[in-house]
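1. How does the following fold in three dimensions:
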Amino acid sequence: MKRIAWVIVVVIIFALVLMLAGCTVSAPGTQATAQTTESSQTESGDSSATPEAEPNIGDMSTINTMVIDRGITELGRTCIDCHKDETPGIINDWKLSRHGHVGVSCLDCHETDKNSPTATQHESLEGTDTYISVLVPPSTCSRCHPAEAEQFNESGHFRAYRQIIPKDSLHALVFKHEGQENSEFGNATNETGCMQCHGTEIQLDEDNRPTSSTWPNSGIGNIYPDGSTGSCSTCHTRHRFDIGESRKPAACASCHLGPDHPDIEIYNNSKHGQIYNAEADEWNWDSAPDAWEPGDYRAPTCATCHMSGIGELKTTHNVSERLYWNLWAKRSEVRNSPDPMSPLTGDGPAGREKMKQVCSSCHSELHTDSFFEQGDRAVQLYNVAYYDPALEMLNDLKEKGLLKENPWSDEFQILYYYLWHHQGRRARQGAMMGGPDYAHWHGFFELQQDLYKMKDIYQKRIETGEIE
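-> Predicted coordinates:
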């Protein structure tokens, strides 16, 4: 006991000596920073001088000192050594990724053939036969993930941008009305809005680098210069590409939100979202694709229902595969097309059975069947009691020349748009995803107001033969 007491006394005395000497005990990295700052102040002769700002903020010491020597080529290591100083955040993401664990380096994704439309040469590569591309198209990802790429190409996500191309009315909305036909800045609403979710056709400048009018963007339906479609990093953000991240609702929420399709808000309104928001920090997000099952989580996320392997269901990147209705169209119909460019892509009855398999992992057959019967009735109510009458009035006014040429200055046409594109979608999607506030107050409650206003405008125009 006396020996222990003496040891304690010695430790205390040593600590006091350090304090009197002006030293502090720091965590690794912090101490190095403090010493560097003190050194620079001494050299300048002014202890109050503000140290020069570093280009990369934050403690990246674990990146800057990282040494890679495990099967990656010499040139691949050169990329890592340079970028750990220039863009340490990227290297940190890569270090934590599955790619980093298995030795997939920068070049495995960014190297390209010299005849590729996106081929460029970094200044350190000039004079060599190595060409790289800023862009990594899904055709590159498909070399290692062919099944996922094929499934994506069969899904509704595939047409996210392609479906915009023939829509004259949408182009008019974005460029003529929102952009006010401004010759210099008129594309800004598309660049900062539409294409960030839907994607665009990425264009290149004279140096084979993407133009600022088409990139960067996170659009799921991007068409790359090599003709391939998609954007894997929309859900698996670069350069971590984490499977756990893509399983969380936030991966879908940056696009599936807002007045026209508030899917994340609906999810949060649902009992599934209630459990997720209360307990998600306790769940296991990193199980292998076909092994992520109830027990890893207590309630499904977007990925669970629409993509994940569960029970006898295999994983899929075809997000249309388990759907019955088209809930975003003007009028909902049962899916019945193998064409990914069709709004009705999918097999509705087969999709419903697959979705019921998801539900059966946690719910009884009675619970599941009754839930879908409730939702189906809401969708059909919208179809026959709201959309059909609204369309009939619209067509009658159009035939009689009682619609304004500019639909966005015509109250009837604005209400018609809100009826299907905003309130109608919320009512249908809220009903089918268990979000009662969106099915009712943001859905049918506002739908009935739209319809009554439309009927009043319609009746007045028919009676007077004039547009108010």
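2. Quick check, pLDDT for the residue nearest to residue 205 when sequence neighbours are not counted.
-> Leaving aside its sequence neighbours, residue 205 sits nearest to residue 211 (CB to CB, 6 or more residues apart in numbering; 5.4 Å). Backbone N, C-alpha and C define where each C-beta goes, glycine included. pLDDT for residue 211: 97.
3. what does residue 190 give?
-> Value for residue 190, per-residue pLDDT: 96.
4. just residue 73 next, same as before
-> Value listed for residue 73 in the pLDDT field: 88.
5. residues in contact with the residue nearest to residue 205?
-> By CB atoms under 8 Å, 6 or more residues apart in numbering, the residues touching residue 211 are 202-205.
6. I'd like to know how far it sits from residue 187.
-> Distance, residue 211 to residue 187, by CB to CB, to the nearest Å: 11 Å.
7. swap in residue 400?
-> Using CB to CB, residue 400 is found at 37 Å from residue 187.
8. the more surrounded of these two?
-> More neighbours surround residue 187 than the other of residue 400 and residue 187, with 17 against 11 (other CB atoms under 10 Å).
9. returning to what we had before: name the nearest of the contacts of residue 211 relative to residue 467.
-> The closest of the contacts of residue 211 to residue 467 turns out to be residue 203 (CB to CB; 41.4 Å).
10. Torsion angles phi and psi at the closest one?
-> phi -100, psi 160 (degrees, to the nearest 10).
11. again with residue 336
-> For residue 336, the backbone dihedrals are phi -160, psi 30 (criterion: degrees, to the nearest 10).
12. quick one: contacts for the spatially closest residue to it that is not a sequence neighbour?
-> Ranked by CB to CB, 6+ apart and with sequence neighbours excluded, the top spatial neighbour of residue 336 is residue 344, at 5.4 Å. By CB under 8 Å, 6+ apart, the residues touching residue 344 are 326, 333-337.
13. List only buried entries from those.
-> For the contacts of residue 344, a burial check counting by 16 or more other CB atoms under 10 Å picks out 326, 334-335.
14. Could you export the residues you listed as CSV, including distance to residue 355, secondary structure and pLDDT?
-> Shown next, in CSV, are those (distance: CB to CB, whole Å; DSSP: H, G, I helix; E, B strand; the rest coil; pLDDT from 0 to 100):
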residue, distance to residue 355, secondary structure, pLDDT
326, 14, coil, 98
334, 13, strand, 98
335, 12, coil, 98
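15. Now flag whichever of the residues you listed is closest to residue 442.
-> Within the buried ones among the contacts of residue 344, the smallest distance to residue 442 is 20.0 Å, found for residue 326 (CB to CB).
16. OK, contacts around that closest one?
-> Residue 326 neighbours (CB under 8 Å, 6+ apart): 332-333, 335, 343-344.
17. ok so, going back, between the contacts of residue 344, which is nearest residue 286?
-> The nearest member of the contacts of residue 344 to residue 286, counting by CB to CB, is residue 335 at 32.6 Å.
18. Would you mind measuring from the closest one to residue 436?
-> To residue 436, residue 335 is 25 Å away according to CB to CB.
19. same question, residue 177
-> According to CB to CB, residue 177 stands 34 Å off from residue 436.
20. Over to residue 242?
-> Distance, residue 242 to residue 436, using CB to CB: 33 Å.
21. These two: who's more crowded?
-> Each of residue 242 and residue 436 has its neighbours counted (other CB under 10 Å); residue 242 has more, 18 against 14.
22. tell me the phi and psi of that one?
-> Main-chain dihedrals, residue 242, degrees, to the nearest 10: phi -80, psi 130.
23. thought it was touching residue 94?
-> No. Using CB atoms under 8 Å, residue 242 is not in contact with residue 94, being 11.5 Å away.
24. Which residues lie in contact with residue 193 in this structure?
-> Contacts of residue 193 (CB under 8 Å, 6+ apart): residue 174.
25. ok, now with 10 Å
-> Listed by CB atoms under 10 Å, 6 or more residues apart in numbering, the contact set of residue 193 reads 174, 178.
26. cool, residue 138 as well?
-> Shown in contact with residue 138 (CB under 10 Å, 6+ apart): 145, 148-149, 152-153, 222, 224, 226, 228-233.
27. Mind doing that once more with 7 Å?
-> Going by CB atoms under 7 Å, 6 or more residues apart in numbering, residue 138 touches 149, 228-230, 232.
28. same deal with residue 339?
-> If you count contacts by CB under 7 Å, 6+ apart, residue 339 has them with residue 345.
29. before we move on, what SS does it have?
-> Following DSSP: H, G, I helix; E, B strand; the rest coil, the label given to residue 339 is coil.
30. roughly how far apart are it and residue 159?
-> Distance of residue 339 to residue 159, given as CB to CB: 9 Å.
31. Residue 65 too?
-> Relative to residue 159, residue 65 is positioned 47 Å away (CB to CB).
32. cool, and residue 283?
-> 33 Å.
33. again with residue 76
-> Computed with CB to CB, the distance linking residue 76 and residue 159 is 36 Å.
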